[in-house]
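Undergrad: what's the 3D shape of this:
(2 chains)
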Amino acid sequence: MKIATWNVNSIRARLDNVVAWLKETSPDIACLQEIKAIEENFPRQALEDLGYNVAVHGQKSYNGVAMLSKLPFEDVNSRLPGNDSDEQARFLQATVSTGKKAVTIASIYAPNGNPVNSDKYPYKLDWMKRLRAHVKDLLKLEESFVLAGDFNVIPSEDDVYDPEAWREDALFRQETLQSYRALLNLGLTDGFRACEQAAHRYTFWDYQAGAWRKDHGLRIDHLLLSPQAADMLESAGIDKYMRGREKASDHVPIWIELDI
DNA sequence: ATGTCGATACTTTATCGA
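TA: Residues are numbered from 1 along each chain as shown, chains lettered A, B, ... in the order given. I've put the predicted structure just below:
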């Protein structure tokens, strides 16, 4: 089972790229972030025509997450517990089953958090804390699950072109790394890192300042696996070439394969 | 080098978010 995640930066602006990528790489599950659309404006039919079931948690203009699956969804939940007044669409969880085994997948769009002296940074930290609490509950089930998405966290100096330039940024400052480490330390595995140790393998290059041309990238999109999912991990990769396409997103797809 | 996108609105340019 191939599980991919991609921050598409508007599904309507990116539909041609997304359709081409799905045809070329054929993931079983695709988690999408920053769809920037409410559900009724999501191009559901074009993706269903490729054989995918579609689940959407939309929002006007900003955020929004979705999931595509060749297998039917068994249950879908778009509520990250812990703050009933949070109206930002950043979480969508679904379970699929192959018949013998079930796997739960979440499409995650964690807050960016910049600027750090605004209320956006405490919101980021609180959202990550809520995610940790949810993961704690999921782990109690001792089942396979994968959190896939844009975590807006640079895990280490190997995951950024210039660590010093990013040291105080919301994606890399100490409190953020501490929060992300606490999430991993619950018992999750970074699927890409478990398979690929090479430094400077990025998933995001800013549109600005010639970042793509200069390979000024970040690895901020991740697939985090429960122990039961990690036992089935076979391979991982980044579809870097998608950043060079016409009308590219600033992020590229990243994926894992599970032996299930 | 503030060098780019995408969505939105009392639009045709400014604002926000990333």
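
Undergrad: how far away is the closest residue to A:Asp221 other than its chain neighbours from DNA strand B?
TA: Spatial nearest neighbour of A:Asp221, excluding adjacent residues (C-beta to C-beta, 6 or more residues apart in numbering): A:Thr203 at 4.0 Å. To be clear about C-beta, it is placed using only N, CA and C from the backbone, and glycine gets the same treatment. Going from A:Thr203 to DNA strand B by C-beta to the nearest atom of the strand, to the nearest Å gives 12 Å.

Undergrad: could I get the contacting residues of A:Thr203?
TA: If a contact means C-beta atoms under 8 Å, 6 or more residues apart in numbering, then A:Thr203 has A:Gly217, A:Leu218, A:Arg219, A:Ile220, A:Asp221, A:Ile238, A:His251, A:Val252, A:Ile254 as its contacts.

Undergrad: report the beta-bridge partners for the last one.
TA: Using DSSP bridges, the beta-bridge partners of A:Ile254 come out as A:Thr5, A:Ile238.

Undergrad: what distance do you get for it to A:Asn114?
TA: 22 Å (C-beta to C-beta, to the nearest Å).

Undergrad: of these two, give the one with the bigger neighbour count.
TA: A:Ile254 (28 against 14; other C-beta atoms under 10 Å).

Undergrad: I'd say the more buried one and A:Lys2 touch.
TA: No: assessed by C-beta atoms under 8 Å, A:Ile254 is found out of contact with A:Lys2, at 11.4 Å.

Undergrad: narrow the contacts of A:Thr203 to those in helices?
TA: Within the contacts of A:Thr203, no residue falls in helices by DSSP state H.

Undergrad: what number of residues lie near A:Glu24?
TA: 10.

Undergrad: so where does it fall, helix or strand?
TA: Secondary structure assignment for A:Glu24, by DSSP states H and E: helix A:11-25.

Undergrad: does anything pack onto whichever helix or strand comes after that helix? Which helices or strands?
TA: Next along the chain after helix A:11-25, taking DSSP H and E as the criterion, comes strand A:29-33. Where contact means 3 or more C-beta pairs under 8 Å, 6 or more residues apart in numbering; DSSP states H and E, strand A:29-33 is packed against strand A:2-7, helix A:11-25, strand A:65-69, strand A:102-109, strand A:144-150.
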